[in-house]
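Trainee: sharing a model prediction with you, sequence too.
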Amino acid sequence: MAEDLRRTALYDLHVARGARMVPFAGWAMPVHYPMGVLGEHLHCRAHAGLFDVSHMGQVLVRPRDGAIETAARALERLIPADVLGLAEGRQRYGLFTTETGGILDDLMFAHRGDHFLLVVNAACADRDIAHLRQLAEVEILPVSDRGLIALQGPEAAAVLAGLLPASAGMRFMDSRSLAWEGGELWISRSGYTGEDGFEISVPGARITEFAERLLDDPRVAPVGLGARDSLRLEAGMPLYGHDMDRDVTPAAAALGWSIPKLRRSGGARAGGFPGEAVILPELGHPSVLRRGLRPEGRAPIREGVEIFAEATAGAPVGTVSSGGFGPSVGGPVAMARLPAEIPDGTTLHAELRGRRLPVTVVPLPFITPSYKR
């Protein structure tokens, strides 16, 4: 493995538990453990999985004048979401958009009383921080002394409550600070698997200890990047750099729901963010939309595979942006940006190794999410 890869504070834990380590966004990360991708995926769906997501960027945004409203209004100049209306102790999903209407990154932002906490994608973190620093009214503070883990699955809440009883009362998208044996944990009830669960920011000096405590519970298994990808794919969740990027608009990525009515045309705080002239007119009637696909048979169709309307002729109507085998649904699943007018249930054709195989357009997600409401 290249010597210049960054290591999370849990690197030694991964190696000790037999993880296969791979380069990912400049980091050495576990792709799977001895249980294997299939086993880890199914264990997370049935019990609880522990993920190292310390490669993600954590960023504090503090108002220079001490008024949280100042920070909220500043962030709304970059994020087409209702930041100002977010209650303390709550979290939302949002997008950084480009001047041409594309997506610079997707992120979570939490209202923590006197500041906001943002979690951004690892590969985009440096660019996002530079993007945020154009906001003169706020101080941008990258977090370098904490790690981030995710505990996901139907038994995650019971496991975490054993260490942190106060976590049991949290709702989906709640964000709290809870004390644990002299340390402060920043916890949100959220995740990237379609399961109930938590994302937990832990002081770097304590994260191995905390992770080991969770893994001491037989309901918890470590899960690598391989199963993280298959879990999020089944849950219909987009991945930056694949299902969305600077050339894909929020509407085309099926993320228009993240832009509320008050930020849309005619709303109380309409526009005012990069790319509004492209993004807002498209929201009600996109020409292209991220859709679900179920291929026939057992062969998965992966990113880059072209999709055709006809079995033998014609130009492609779309390209697969994410695809693989869905262990929980027992077959291959994929997502592609397709003409929005194609109805669910339509049979299209994926060109795989010179053959066109039938695929059916289906609603997303492929599984029923089980978030704690």
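Mentor: Thanks, I have it. Quick caveat: nothing in here was measured; it's all calculated off a predicted structure. Residues are numbered from 1 along each chain as shown.

Trainee: let me know the next secondary structure element after the helix or strand hosting residue 318.
Mentor: Secondary structure from DSSP states H and E places residue 318 in strand 316-326. Using DSSP H and E, the next helix or strand after strand 316-326 towards the C-terminus is strand 331-339.

Trainee: average pLDDT for that following strand?
Mentor: Averaged across strand 331-339, pLDDT comes to 98.

Trainee: name the helices or strands packed onto that strand?
Mentor: helix 225-234, strand 288-295, strand 316-326 (3 or more CB pairs under 8 Å, 6 or more residues apart in numbering; DSSP states H and E). Any C-beta I mention is one placed from the backbone N, CA and C, and that applies to glycine too.

Trainee: tabulate those (CSV), appending mean pLDDT.
Mentor: Shown next, in CSV, are the helices and strands packed on strand 331-339 (pLDDT from 0 to 100):
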stretch, mean pLDDT
helix 225-234, 98
strand 288-295, 98
strand 316-326, 98
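
Trainee: and these: which comes nearest residue 181?
Mentor: helix 225-234 (27.7 Å; CB to CB).

Trainee: now the helix or strand that the closest one is followed by: buried residues?
Mentor: Scanning forward in sequence from helix 225-234 by DSSP H and E, the next helix or strand is helix 276-282. Residues of helix 276-282 classed as buried: 276, 278-280, 282 (neighbour count, 16 or more other CB atoms under 10 Å).

Trainee: wait, which of the residues you listed is closest to residue 176?
Mentor: Nearest to residue 176 among these, with distances taken as CB to CB, is residue 279, at 32.4 Å.

Trainee: check contacts around that closest one.
Mentor: Going by CB atoms under 8 Å, 6 or more residues apart in numbering, residue 279 touches 80, 97, 101, 249-251, 259, 273.

Trainee: again, 6 Å this time
Mentor: 101, 249-250 (CB atoms under 6 Å, 6 or more residues apart in numbering).

Trainee: for the stretch 1-150 of the chain, which segments are assigned as strands?
Mentor: Ranges of strands in the stretch 1-150 of the chain, per DSSP state E, counting those that start in this stretch, are 6-7, 20-24, 27-32, 48-52, 57-63, 91-97, 103-111, 116-120, 138-142, 146-152.

Trainee: the third one packs against which elements?
Mentor: Counting by 3 or more CB pairs under 6 Å, 6 or more residues apart in numbering; DSSP states H and E, the packing neighbours recorded for strand 27-32 are strand 20-24, helix 225-234.

Trainee: what helices or strands is the last one leaning on?
Mentor: Under the contact criterion of 3+ CB pairs under 6 Å, 6+ apart, helix 225-234 touches strand 27-32, helix 36-46, strand 316-326.

Trainee: nearest to residue 117, of these?
Mentor: strand 27-32 (20.6 Å).

Trainee: pull the CA atoms of that closest one into CSV?
Mentor: The C-alpha coordinates for strand 27-32 follow below in CSV (Å, rounded to 0.1, in the frame of the first residue of the first chain):
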residue,chain,number,x,y,z
TRP,A,27,-7.0,7.1,2.8
ALA,A,28,-6.1,3.5,3.7
MET,A,29,-9.6,2.0,4.4
PRO,A,30,-11.0,-1.4,5.0
VAL,A,31,-12.9,-2.9,2.1
HIS,A,32,-14.0,-6.0,4.0
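
Trainee: neighbouring strands - and their directions - for it?
Mentor: Note on strand 27-32: by DSSP bridges, its sheet partners are strand 6-7 (parallel), strand 20-24 (antiparallel).

Trainee: contacts made by the longest one with the rest, please.
Mentor: For strand 20-24, the external contacting residues (CB under 6 Å, 6+ apart) are 5, 28, 30-32.

Trainee: what lines up beside the strand holding residue 318 in the sheet?
Mentor: With DSSP bridges as the test, strand 316-326 pairs up with strand 306-308 (antiparallel), strand 331-339 (antiparallel).

Trainee: contact partners of the last one?
Mentor: Contacts made with strand 331-339 from outside it, assessed by CB under 6 Å, 6+ apart, are listed as 243, 252, 288, 290-291, 293, 295, 300-301, 307, 317-318, 320-323, 325-326, 366.

Trainee: one more: the first one?
Mentor: Residues outside strand 306-308 that contact it (CB under 6 Å, 6+ apart): 314, 316-319, 336, 348-351.

Trainee: apply 8 Å and report the result again.
Mentor: Residues contacting strand 306-308 (CB under 8 Å, 6+ apart): 293, 314-320, 336, 338, 348-351, 356, 359.

Trainee: distance from the chain centre to that strand, please.
Mentor: Relative to the centre of its chain, strand 306-308 is centred 26 Å away, using CA atoms, centre = their mean, to the nearest Å.

Trainee: could you do the last one as well?
Mentor: With CA atoms, centre = their mean as the basis, strand 331-339 stands 18 Å off its chain's centre.

Trainee: I'd like the next helix or strand past it.
Mentor: strand 347-352.

Trainee: name the strands paired with that next one and say parallel or antiparallel.
Mentor: Sheet pairing for strand 347-352, using DSSP bridges, gives strand 306-308 (antiparallel), strand 355-362 (antiparallel).

Trainee: quick one, the strand holding residue 318 and strand 288-295 angle?
Mentor: 50 degrees (axes from the mean of the first three to the mean of the last three CA atoms, to 10 degrees).

Trainee: give the buried residues for strand 316-326.
Mentor: Quick answer for strand 316-326 (16+ other CB under 10 Å): 317-318, 320-326.

Trainee: is residue 297 in contact with residue 355, as I believe?
Mentor: No. Counting by CB atoms under 8 Å, residue 355 is not a contact partner of residue 297; they are 11.0 Å apart.

Trainee: picking that back up, and the contacts of residue 279, which are buried?
Mentor: 101, 249-250.

Trainee: many thanks, have a good one.
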